[in-house]
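>>> What shape does this take:
(chains A and B)
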Amino acid sequence: MNERLWNILLESFPRLLEYGVKVTLPLTAVSFILALVIAVIVALIQYADVKVLRQICRFYIWIVRGTPLLVQLYLVFYGLPSAGIKLDAYMSAVLVFGFNEGAYMAETMRGALESVSTGQVEAGYCVRLNYLQIMIHVVLPQAFRTAFPALSNSLISMLKGTSMAATITVMEMFRQAQVINGRVYESLGLYSEVALIYLAFCTLLTWLQRKGEKKLASYGGTVK
Amino acid sequence: MMLEAKGVVKRFDGADVLKGIDLTVEKGDVVAILGPSGSGKTTFLRCLNFLERADGGELIFDGEKFDLHAATKRDIARVRQKTAFVFQNYNLFLNKTVLQNVTLGLTVGAKMKKQQARDIAVAALERVGMGGKLDSYPAQLSGGQQQRVAIARGLAQSPEIIYFDEPTSALDPELIGEVLAVMRQLADDGMTMLVVTHEMDFARNVSSKVLFMEGGYVIETAPAREFFEHPKEARSQAFIQSILNSRQ
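Modelled structure (predicted):
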């Protein structure tokens, strides 16, 4: 490796890492929390079979899963201003990532909720809990446990997906790599470098996932 | 009279499962509901606690009338205030410890203080011999232990009557005895119980009364001793005979 490239990589590394930690990770975290809230609400509406709302939820999932993420980003950031809705780039990214992954996670949560045996709900009623109490104390915790691996997958996929925010001018880690590359023309080296940082972040999340699963397994056995 | 069910009717997909079941229970009664598989015993029990919505019938509980078909949420809550239900497959809350399984209904449902709920729960668990497993999770217990915790969970609610839906049918043979022993103890303590069961020794020796069902009808209701020694109906006789035969 020549010395010029080496110096470029060394100099760009702290800068890329800084944008990774200061922008990519928070963007992922905020979007994921939004997605999780959406997913739980949408899944619960379907699980409880709330009439009209249920149809709205199915419609939302249909639209989001049937259109590309990149198109959704463009639509919100470049398209909506024509309709009088102006959102800054960061906000657009959070909303699109949240609503996009939220649709997939809603399906994960719905499946997990439905896998909790009806006997758990019946037992709840028989100890004089109401529906909401049963959901909060019995069904949702068990569903979260079942959904945990799939939700972790969603988180990892979302972390990588935030790189697409670069296309709507959000100055995150990948956009930063593009900017540096625009100056020095070292695509192979710089994009490999940023790829390795993404890999490190995902490895960290995978490790956290494994720790989480161990913790959740503490109540033993398998959820029926 | 504590509890009376009249004309309980239930259909599943057009098939009549219950065709007008009547039952009266006095305080302290232990009623065994017997009958071949598919006779509607479990459905009847579930209808009484609104786990299934009957298509018709009436429940009179402590003098208060409830429509088993049209009961409101409030009615259902009132009935369940007085009852506890023990399931065939225990249905312990899998994400809760033994102690939490028993306290959940008290702290969250009845808004009781934590310490008070804990005292009640520990006493109930000790009564079924599970006081030493407070922090275990259901998956770490045997079936017999889980069912005893489920009984304690019911007891902690201070019910007037406990419904048992085939409480030993899911258990390995060597674990049945410990659960039956707990139930016998409850009966001796004067607890009112309604028990769907295939355990003939329990029905004969512990229960005070037998309700024999077949094909969605009550065939015979009689004191337990009388039912086993002098069954009136031909079908009761055939049922008892078939059980005696299957043991040989």
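>>> Can you name the residue of chain B nearest chain A?
B:Ala139 (2.4 Å; C-beta to the nearest C-beta). Using the backbone N, CA and C atoms, a C-beta is placed for each residue, glycine as well.
>>> Centre of the chain to the top helix by length along chain B, how far?
Scanning chain B for the helix with the most residues, using DSSP state H, yields helix B:173-188. Put simply, helix B:173-188 sits 13 Å off its chain's centre (C-alpha atoms, centre = their mean, to the nearest Å).
>>> Next, count neighbours for the nearest residue to A:Leu53 once chain neighbours are set aside.
Excluding its sequence neighbours, the residue lying closest to A:Leu53 (C-beta to C-beta, 6 or more residues apart in numbering or on different chains) is A:Ile45, at 4.8 Å. By other C-beta atoms under 10 Å in any protein chain shown, the residues close to A:Ile45 number 20.
>>> Kindly report the same for B:Lys111.
8.
>>> B:Gly190 now?
So B:Gly190, with other C-beta under 10 Å, has 9 neighbours.
>>> name the element it belongs to?
Here B:Gly190, judged by DSSP states H and E, is contained in no helix and no strand.
>>> Does the lengthiest helix in chain A reach chain B?
If you go by DSSP H, chain A has its longest helix at helix A:187-216. No. Against chain B, helix A:187-216 shows no contacts by C-beta under 8 Å from any C-beta of the partner chain, the least distance being 9.4 Å.
>>> quick one on the thing from earlier: and the helix or strand hosting the residue nearest to A:Leu53, what does it pack onto?
According to DSSP H and E, A:Ile45 maps onto helix A:25-47. Counting contacts by 3 or more C-beta pairs under 8 Å, 6 or more residues apart in numbering or on different chains; DSSP states H and E, helix A:25-47 packs against helix A:51-65, helix A:89-115, helix A:140-161.
>>> Residues contacting stretch B:7-22, please?
B:4-6, B:40, B:43-44, B:47-48, B:52, B:54-58, B:68, B:213, B:215-218 (C-beta atoms under 8 Å, 6 or more residues apart in numbering or on different chains).
>>> can you do 6 Å?
B:6, B:40, B:43-44, B:47, B:54-57, B:216-218 (C-beta atoms under 6 Å, 6 or more residues apart in numbering or on different chains).
>>> For PyMOL, write a command that selects the buried ones of the residues you listed.
Selecting only the buried entries of the contacts of stretch B:7-22 in PyMOL, with 16 or more other C-beta atoms under 10 Å in any protein chain shown as the criterion:
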select buried, chain B and resi 6+40+43+44+47+54+55+56+57+216+217+218
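>>> Inside helices: which ones of the contacts of stretch B:7-22?
Those of the contacts of stretch B:7-22 lying in helices (DSSP H): B:43-44, B:47.
>>> Can you say which of the helices and strands packed on helix A:25-47 is packed in most?
Across the helices and strands packed on helix A:25-47, averaging neighbours per residue (mean count of other C-beta atoms under 10 Å in any protein chain shown) puts helix A:89-115 on top, at a mean of 21.
>>> tell me what the worst-scoring helix or strand of chain B on mean pLDDT is packed against?
Using mean pLDDT, DSSP states H and E, the weakest-scoring helix or strand in chain B turns out to be helix B:234-247, at a mean of 87. Counting contacts by 3 or more C-beta pairs under 6 Å, 6 or more residues apart in numbering or on different chains; DSSP states H and E, helix B:234-247 is packed against strand B:217-223.
>>> got the angle for the strand it packs on vs helix B:234-247?
Using axes from the mean of the first three to the mean of the last three C-alpha atoms, to 10 degrees, the inter-axis angle of strand B:217-223 relative to helix B:234-247 is 80 degrees.
>>> Show me which residues of chain B sit near chain A.
Listed as neighbours of chain A in chain B under the rule C-beta under 6 Å from any C-beta of the partner chain: B:51, B:80, B:85, B:91, B:93-95, B:105, B:108-109, B:137, B:139-140.
>>> so what's A:Val184 closest to, chain neighbours aside?
Distances taken as C-beta to C-beta, 6+ apart put A:Ile8 closest to A:Val184, at 5.4 Å, once the chain neighbours are dropped.
>>> any residues touching stretch B:89-101, and which ones?
Here stretch B:89-101 has contacts from A:119, A:123, A:138, A:141-142, A:219, A:223, B:121, B:133-138, B:146-147, B:149-150, B:153, B:170, using C-beta under 6 Å, 6+ apart.
>>> now, which of those residues lie within strands?
Among these, DSSP state E puts none in strands.
>>> Mind checking which of the residues you listed are buried?
Going by neighbour count (16+ other C-beta under 10 Å), the contacts of stretch B:89-101 have A:119, A:123, A:138, A:141-142, A:219, A:223, B:121, B:133-134, B:136-138, B:146-147, B:149-150, B:153 buried.
>>> What is the neighbour count of residue 8?
The chain I'm using is chain A. Neighbour tally, A:Ile8, other C-beta under 10 Å: 20.
>>> let's do chain B instead
26.
>>> Roughly how far does B:Asp75 sit from B:Lys41?
Distance, B:Asp75 to B:Lys41, by C-beta to C-beta, to the nearest Å: 24 Å.
>>> Between those two, tell me which one has more neighbours.
A direct count of neighbours by other C-beta under 10 Å for B:Asp75 and B:Lys41 places B:Lys41 higher, at 26 against 18.
>>> pretty sure that one is touching B:Ala32, no?
No. With contacts defined as C-beta atoms under 6 Å, B:Lys41 does not count as touching B:Ala32, sitting 9.9 Å away.
>>> Contact partners for B:Arg80?
By C-beta under 6 Å, 6+ apart, the neighbours of B:Arg80 are A:Arg128.
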